[in-house]
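1. Task: produce atomic coordinates for the following.
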Amino acid sequence: MRITRIECLQLRAPAANAADCDGAVDTAVIRVTAGNGLSGIGETDAPPNAIAALLETPSAHIWSLSIAELLLGENPLEVERLWDKVYEGTIYHGRRGLGVMLMSAIDNALHDLRGKLLGLPVYRLLGGDARRSIIPYATLFPSMPQGRGWQEMRETCVALLNHACDLGFRAMKMEMLFDDLIDDRGLVSFVHECRQIVGDDRELMIDVGYRWKCWNDALWALRRMEDAKLFFVETPVHTDDLDGLARLADATDTPVAAGEFLQTRHEFRELIERGHCDVIQPDLGRVGGLTEAMRCARMAHERGVVCVPHAWKTGITVAATRHFAAAAPACPYTEFFHRDLFPSYLRSRLATPEPDFANGRWCLPEMPGMGIELDEEVVAECLAATPAVIE
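-> Numbers count the residues shown, from 1 in each chain. Presented below is the predicted three-dimensional model:
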């Protein structure tokens, strides 16, 4: 069995508004097809036109080879070997940035394809079940302020918290991208209000979206949140400020999480060893796909660090993250944008079926591969350009 075709579908939701900050407003879907006609799908969180162009880029020399030369004719069952082959073969132009994003989508598509070829769910081929069920946490995003005042934003956030509780979520994360609507003292007060709403028997996390430029400013707030018993505070300072992250993480009992923008285990090793983060957050469409995410999770586990993947994309990423969470060590939760909690066109329509959610948990997947398919009507509606194809 050989890889015969790889294509990139450039998709964009209708009536897109950049100010909404919808991570699934567009997507680059990679479809890898084997000689028997079976195909696997993956996606990446990068400009689709750039990913399509990179897929079609020809070879230049031994460290800048084309995807066509590296993968066409290869055995799709040898996913991990192919990851290493592509990384080494594109290291001149692709060791970070768009190169690894394209690799991420290809890698996830290959895992999906391998599972379908073998008749097994992906997580079984990642090492088997590390747990009997998966607990997704609900990401609650009131959107950006866009002219709304604090009182309106607060009411929206409270409504989302209550809705998530009604849906049965055992854990939830409030996106607190409030810009300058409230000062740090007001932020601390609202965190405690959120804790009162969800109670002590649910996990609460917050994402402040790189709110602070200086770790000292973040420390003032995080120390005053300690009695709210947050599971983590996501991205308090920029991920590039590893020394600032380390000083912050060492000085507060509130766990610090980061990593949504990072790529490969090499950057996550720096985040753990130099940044002292308590929780790493690899994104399967950016880190290098399931292959590299599992390497990150095992490395974190060996160092006593928790791994909770970032996942703000379509149902393709939901499915990939579900399989990752089933197999990865030290992964107590995984991010989930529930369709009832955030209106996103491609997130709610592109891939089916949705995982069954009951009693705050997902059961382990049973279908071969990722267990999802594209809705071809949505693909046709949202296709922004002619698919890029190599074969």
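
2. I'd guessed D253 sits against M225; true?
-> No. Applying Cβ atoms under 8 Å, one finds D253 not in contact with M225, separated by 9.5 Å. (C-beta placed from N, C-alpha, C; glycine too.)

3. Between these two, which has more neighbouring residues?
-> Between D253 and M225, counting by other Cβ atoms under 10 Å, M225 is the more crowded of the two (19 against 12).

4. quick one: the residue most central in space within the chain from K173, how far?
-> Residue closest to the average C-alpha location in the chain (Cα atoms, centre = their mean): A311, at 2.7 Å. Plainly put, A311 is 11 Å away from K173 if you go by Cβ to Cβ, to the nearest Å.

5. quick one: the closest residue to W362 other than its chain neighbours from V308, how far?
-> In space, not counting the residues next to it along the chain, W362 is nearest to I134; the distance is 4.3 Å by Cβ to Cβ, 6 or more residues apart in numbering. I134 sits 12 Å away from V308, going by Cβ to Cβ.

6. Need the residues touching each of these two.
-> T334 (Cβ atoms under 8 Å, 6 or more residues apart in numbering).

7. L140 versus V188, what's the distance?
-> As defined by Cβ to Cβ, V188 lies at a distance of 18 Å from L140.

8. neighbour-wise, which of these two wins?
-> In this view V188 and L140 are compared by other Cβ under 10 Å, and L140 has more residues nearby, 27 against 18.

9. Show me what that one is bridged to.
-> When bridges are called by DSSP bridges, L140 pairs up with M174.

10. residues in contact with it?
-> Each residue near L140 by Cβ under 8 Å, 6+ apart is listed here: 157, 160-161, 164, 172-175, 341-342.

11. do F178 as well
-> Counting by Cβ under 8 Å, 6+ apart, F178 makes contact with 145, 150, 153, 187.

12. And the helices in the stretch 251-391 of the chain, which stretches?
-> Using DSSP state H, counting those that start in this stretch, the helices of the stretch 251-391 of the chain run over 264-273, 289-302, 315-327, 345-349, 376-382.

13. Comparing these, which stretch has the densest surroundings?
-> Among the helices of the stretch 251-391 of the chain, judged by mean count of other Cβ atoms under 10 Å, the one packed with the most neighbours on average is helix 315-327 (a mean of 27).

14. who does that helix touch, helix- and strand-wise?
-> Using 3 or more Cβ pairs under 8 Å, 6 or more residues apart in numbering; DSSP states H and E as the contact test, the elements touching helix 315-327 are strand 39-44, helix 98-118, helix 122-125, strand 133-134, helix 289-302, strand 334-336, strand 351-352.

15. Can you name the residues that contact E260?
-> 234-235, 239, 281, 283, 286, 310.

16. C307 is in contact with C296, isn't it?
-> Yes. Using Cβ under 8 Å, C307 makes contact with C296 at a distance of 6.8 Å.

17. Could you pull out the residues contacting both of these two?
-> By the contact definition Cβ under 8 Å, 6+ apart, C307 and C296 are jointly contacted by 280, 282.

18. nearest to D243, of the helices of the stretch 251-391 of the chain?
-> When the helices of the stretch 251-391 of the chain are ranked by distance to D243, counting by Cβ to Cβ, first place goes to helix 264-273 at 11.1 Å.

19. Not including adjacent chain positions, what is the nearest residue to P255?
-> Nearest in space to P255, with sequence neighbours left out and distances taken as Cβ to Cβ, 6+ apart, is D278 at 3.8 Å.

20. And for that neighbour, the neighbour number?
-> By other Cβ under 10 Å, the burial measure for D278, its neighbour count, is 19.

21. What is the neighbour count of the residue nearest to W362?
-> 26.

22. and if you look at L118?
-> By other Cβ under 10 Å, neighbour count at L118 equals 14.

23. contacting residues for it?
-> Contacts here follow Cβ under 8 Å, 6+ apart; on that basis L118 touches 77, 125, 368.

24. Would you tell me which one of these comes nearest to R265?
-> For those, the closest approach to R265 (Cβ to Cβ) belongs to L125, at 19.3 Å.

25. D207 and V279, how far apart?
-> Distance, D207 to V279, using Cβ to Cβ: 12 Å.

26. how about the strands in the stretch 151-300 of the chain?
-> 171-175, 203-207, 232-234, 256-258, 279-280 (DSSP state E, counting those that start in this stretch).
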